[in-house]
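Undergrad: For reference, the sequence and a predicted model appear below.
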Amino acid sequence: MATASGGGEFVDKFPDEAAIVKASFLIAFVSLGIGAFFGLIQALHRTNVLRVIDSADYYTVLTGHGVLLAIVFTIFFLCGVFHWAVARSLDRPAENALFSWAWVGLMTTGTILATVAILGGFVPNLGMSADVLFTFYAPLQAHPIFYIGLAMFIVGTWLAGADWFLSYRAWRQNHEDERIPLQTFMVLTTMIMWYVSTLGVAVSVVFFLIPWSLGLIESVNPLLTRTLFWYFGHPIVYFWLMPAYLLWYTVLPKLAGGRLFSDPLARVVFVLFLLLSTPVGIHHQYLDPGIAEGFKFIAMTNTMFLLLPSLLTAFTVVASVEHGARQRGGEGYLRWLGALPWRDPAFTGMALAGAMFAAGGFSGMINAGMNINYLIHNTLWVPGHFHLTVGTAVALTMMAGSYWLVPQVTGTKLYSRPIGLLQVIMWFIGMVFMSNAMHRAGLAGIPRRTAEPQYQNFDFLTPIGSIFELRVQIALGGTLLFLSVVLFLFNILLTSLGEESDRPVDSHLPEPLSGPEGSPRVLDNLAMWTGIAAVLVVLAYTLPLAGIIQNGGGLFGGGLPVPATVSAGFDLVATTVTSAFNTLWGVVA
Amino acid sequence: MEIHAYEKLWLALALVLIVGFIGTITYGAAGAGIDMIDDKGGTVDPATLDQHPKFGDPGIERSGENSYDVYVVARQFVFEPGTTQPLRVPADSTVTFHVTAADVIHGFEIVGTNANTMAIPGQVSEFTVEFGEPGEYGMLCNEYCGSGHHVMEGQIVVMEQGEFDSWYEQQQADGEAEN
C-alpha cells in the first residue's frame, strides 16, 4: 500500500524523528498524569467531598495543574505532532537531529525548573514557591527559577519552530513550484502565530518579572505585565487548538473512512487564525480598569470574527466525516452516523472531542460578549468553558490521536482498543458532569480559583437544582476524568512495551477531495500573512499599551510595596543552594 | 478556488451570526447603557494609598440627592469597607463604586448580580449600579490573591432610606469628632 511518505512505517523511515516524537510524548504524558492527579485533588477539595491538603496548599496544586496541563502537556504533545507532521508531509528528516534534541532538552530543563519551583510550595521551610497560578499576575511573585524555567521553555519552542522552518526551506530548494504540503502549512502558520504572540510574554518575563524576582528592580506595573500576559494568553489557546485541528483536518477524515473535503478551505482557516489570534487578548480584560472601552470593543469585534474559522472547521470536518461514512456504505440524512467506525478509540475520541468543542464554542461566545461577561467573569463558568475547549477538544483529541500516532513512532500495536474506547467515553461522560455543573455554578456566582467557595456572609442560589447537586456532579466528573487518564497512561505504557510489529497501524493518509491546485497561490505567501498579522497587532495594542505605561506609573509601576506573600529573593536562592550543598556534603563526607 | 454551494451557505450563515452578535453587544452598550469598566476611574499611587483623600478612609459619600460614591480598597484578604463592617447603602439609590487594590490584583464581585470588576494596584475601577429593595448581598474576591484568597469576602447591607440617613449622620459626626 502506497503511503503519502512513500511506503514504510514512520519509525523505520525516520528513526531520529520518531525518537524526538517519543521523547516529546513521554514528557507530555508524565505531565498529564501529574496534572490530572492535581485536578482530582482540586475537584474533591473545593466541593468539600474530601480534603487531603490545607486550603492554603490548594493554590500550589492549582498552579501545578495549570502549568503542567495547559503549558507542558499540550505544548510537548504539539511538538511531537508537529515534528511528525513536518517529516511526514515533506517526506524528509529534520536537518540536524542534534538541533532537535537541543530544543527538546531546553524545553525539558525549563519544565523541570518551573515544576521544582511550583512543588517547592509544599515545603514551607524551603523558601521556594511559585503559587502564582498559570497566569502569574504580578505583584504576586514566584521564585526566580519559575520565570527562568518558563523563559527557557518558550525559547525551546522557538527553536522547535526554527527546526521546522529549516526543514521547509531545504524542501523548497527541490520543490520550487509546489504548494506547501498541507500539514507543513498548518505547522508553519501556527508557528508564525506563536512567534508573534510569545513576544508579549517574553518581554514580560525577561524584562520585568525575572529582574523583579531577583530584586534588581523594585516594582512592576501590574496592569502592564497582565496585559502582556494576555497578549500571549489568548493566542496560546489557538496554540493548543491547532495540533487538534491538524489532526481533525488530516487524520480524522481518514479514520472515518474517507478523506478531507477541502484543502484550500483548511488553508484559509489556518491563515485566519494566524491573523486574528493575537489582536483579541484584551477580551480577557473586559473588566480591567485602565483600558478604554474602545479598545475592548475592537478586541470584542476581532474575537467574534475569530468564530469564523472555527465555524468553517465545523463544516469541513463534519462534511469529511460524512463523506467517510458514505464511503463505508452509510445512507440517509442522519443514518450515515451509524456507519462510522465507533469501535475505533482514535475516531470516537476525536469525534466526541469535536462535538464537545461545539458546546465550548457556544459558552465562549458568552465570554466574548463584553456586557454579558459581567455575569460570569472569574466565576466557575470560565473553567467550565475551557475544560470543554482545551480540556476536551484539545486534550481528548490528543489522547485519541495518540492511539493512532504512538504506534507509528514505537512500531508496536496499540495494547487495547476496548480500553481505549472505554477511556475516551469515560472522559466525555466525566466532562459532561463536571463542565455543565461548573457552567451552572458560575451563573450562581461561585468564583473560580478558590479552595473553599463556601462563605460566612451569604449562600449561593441556583435557579434550577441545588448547589449540593452541582458539587456532587463536579466531584463525580473530576473522578471519572482522572480514572480516564489512568486508563490512557496504562494503555500507552503497555503499547510502548509491546512487541514490534511490521504494520502497527494503517498510517496512510489519502489526498483531499479538493486539492490545493485550484486555490489562490497567495494563500501560501507566508511573508505577507506575517506582515498583516503584525500590522493588526500593532493596531490593536499600541494605544492601549501606551496608555497603560503612561497612566499606570510608567514601565515599572510606582514604588508598589512588595506584598507579604513574596517568596524568596536572590539571597534566598543563595541560602537554598548553600544549604543543599551543605546537606550533600554531609552525606558524602 | 471551488467552493461548494453548501459551504457558501454555511459561510453566509456564520457571518450573519457573527454580525448579529456584534449587533446585540453594541445595542447592550449603546442602547441598554451597560458601560464597560474602563480608564475613567483614573489612577492612584498604591504606595501612598492611606494618605489618599478618598481611599485613605474608604466608605460611602453622598454625591447628590439619591446618588452616592463608594470607595473600596481590596487588600489581602479584606475589603475595606465590607469585611470587618458591612458596606451600607440606602435602598433605591444610584451608587458609583471606585475600587482599587492595595497590594496584589483582586476581584470584586457582588454575588448574584452583574456588579463585577478587577481591582488592580495603581488603577481605579469605576462603575455605577442601582440598588433596589432593602436586603443583604454578599461580596467576594474572585481573583486569586494569595494563600488566604478563599476567606476574602464581605457584606453589603441595603437599608431603608431613613435608617440609612441616621446611620450616615452618625458616621459623619464620628468622623468630625475624630478630626
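TA: Looks like it arrived, so ask away. Numbers count the residues shown, from 1 in each chain, chains lettered A, B, ... in the order given.
Undergrad: Please see if stretch A:544-557 touches chain B.
TA: Yes: under the criterion of Cβ under 8 Å from any Cβ of the partner chain, chain B is reached by stretch A:544-557 at A:547, A:551, A:552, A:553, A:557. C-beta: built from backbone N, CA, C; applies to glycine.
Undergrad: again with stretch A:313-325
TA: Yes: on the criterion Cβ under 8 Å from any Cβ, stretch A:313-325 is in touch with chain B at A:315, A:316, A:319.
Undergrad: just checking, the second one touches residue A:267?
TA: No: taking Cβ atoms under 8 Å as the definition, residue A:316 is not a contact partner of residue A:267, at 11.1 Å.
Undergrad: ok, residue A:178 - how many residues close by?
TA: Counted by other Cβ atoms under 10 Å in any protein chain shown, the residues lying close to residue A:178 total 11.
Undergrad: On the three-state scheme, it is what?
TA: Of the three states, residue A:178 takes coil under DSSP: H, G, I helix; E, B strand; the rest coil.
Undergrad: can you check residue A:65 too?
TA: Reduced to three states with three-state DSSP, the structure at residue A:65 is helix.
Undergrad: Ok, residue A:77 next?
TA: Classified using three-state DSSP, residue A:77 is helix.
Undergrad: Nearest spatial neighbour of it, chain-adjacent residues omitted?
TA: residue A:28 (4.2 Å; Cβ to Cβ, 6 or more residues apart in numbering or on different chains).
Undergrad: So which of the residues of stretch A:544-557 next to chain B sit within helices?
TA: A:547, A:551 (DSSP state H).
Undergrad: The residue nearest to residue A:77: what's it in contact with?
TA: Counting by Cβ atoms under 8 Å, 6 or more residues apart in numbering or on different chains, residue A:28 touches A:72, A:73, A:74, A:76, A:77, A:80, A:398.
Undergrad: can you count the residues close to the fourth one?
TA: Same thing as residue A:76. Counted with other Cβ under 10 Å, residue A:76 comes out at 28.
Undergrad: With the last one instead?
TA: The burial count assigned to residue A:398 is 28, neighbours taken as other Cβ under 10 Å.
Undergrad: Just say helix, strand or coil for whichever residue of chain A sits closest to chain B.
TA: Nearest residue of chain A to chain B: residue A:458, at 2.8 Å (Cβ to the nearest Cβ). With three-state DSSP as the basis, residue A:458 sits in coil.
Undergrad: Quick check: phi and psi at the nearest residue to residue A:136 once chain neighbours are set aside.
TA: Leaving aside its sequence neighbours, residue A:136 sits nearest to residue A:142 (Cβ to Cβ, 6+ apart; 6.2 Å). In terms of degrees, to the nearest 10, the main-chain angles of residue A:142 are phi -110, psi 170.
Undergrad: try residue B:89
TA: According to degrees, to the nearest 10, residue B:89 has phi -140, psi 150.
Undergrad: how much space between it and residue B:136?
TA: Separation of residue B:89 from residue B:136 (Cβ to Cβ, to the nearest Å): 11 Å.
Undergrad: Mutual contacts of these two, please.
TA: B:156, B:157, B:158.
Undergrad: could those residues go into JSON lines alongside secondary structure and distance to residue B:8?
TA: Converted to JSON lines, those look like this (DSSP: H, G, I helix; E, B strand; the rest coil; distance: Cβ to Cβ, whole Å):
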{"residue": "B:156", "secondary structure": "strand", "distance to residue B:8": "53"}
{"residue": "B:157", "secondary structure": "strand", "distance to residue B:8": "58"}
{"residue": "B:158", "secondary structure": "strand", "distance to residue B:8": "55"}
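Undergrad: so which of those residues is the most crowded?
TA: residue B:156 (25 neighbours).
Undergrad: What secondary structure category should be reported for residue B:84?
TA: Assignment for residue B:84 (three-state DSSP): coil.
Undergrad: next helix or strand past the lengthiest helix in chain B?
TA: What stands out as the longest helix in chain B, according to DSSP H, is helix B:5-30. Moving toward the C-terminus from helix B:5-30, the next helix or strand (DSSP states H and E) is strand B:60-62.
Undergrad: wait, isn't residue A:447 in contact with residue A:381?
TA: No: here residue A:447 does not reach residue A:381: they are 10.0 Å apart, not a contact under Cβ under 8 Å.
Undergrad: Identify the residue nearest the one residue in chain B that gets nearest to chain A in space, chain neighbours excluded?
TA: Going by Cβ to the nearest Cβ, chain A is nearest to residue B:138 of chain B, at 2.8 Å. Of all residues not flanking residue B:138 in the chain, residue A:458 sits nearest, at 2.8 Å (Cβ to Cβ, 6+ apart).
Undergrad: pLDDT score for the one you found?
TA: You'll see residue A:458 listed with a pLDDT of 92.
Undergrad: The one 10 residues further on too?
TA: pLDDT, the model's per-residue confidence, is 95 for residue A:468.
Undergrad: how would you label it: helix, strand or coil?
TA: Quick answer, by three-state DSSP: residue A:468 is helix.
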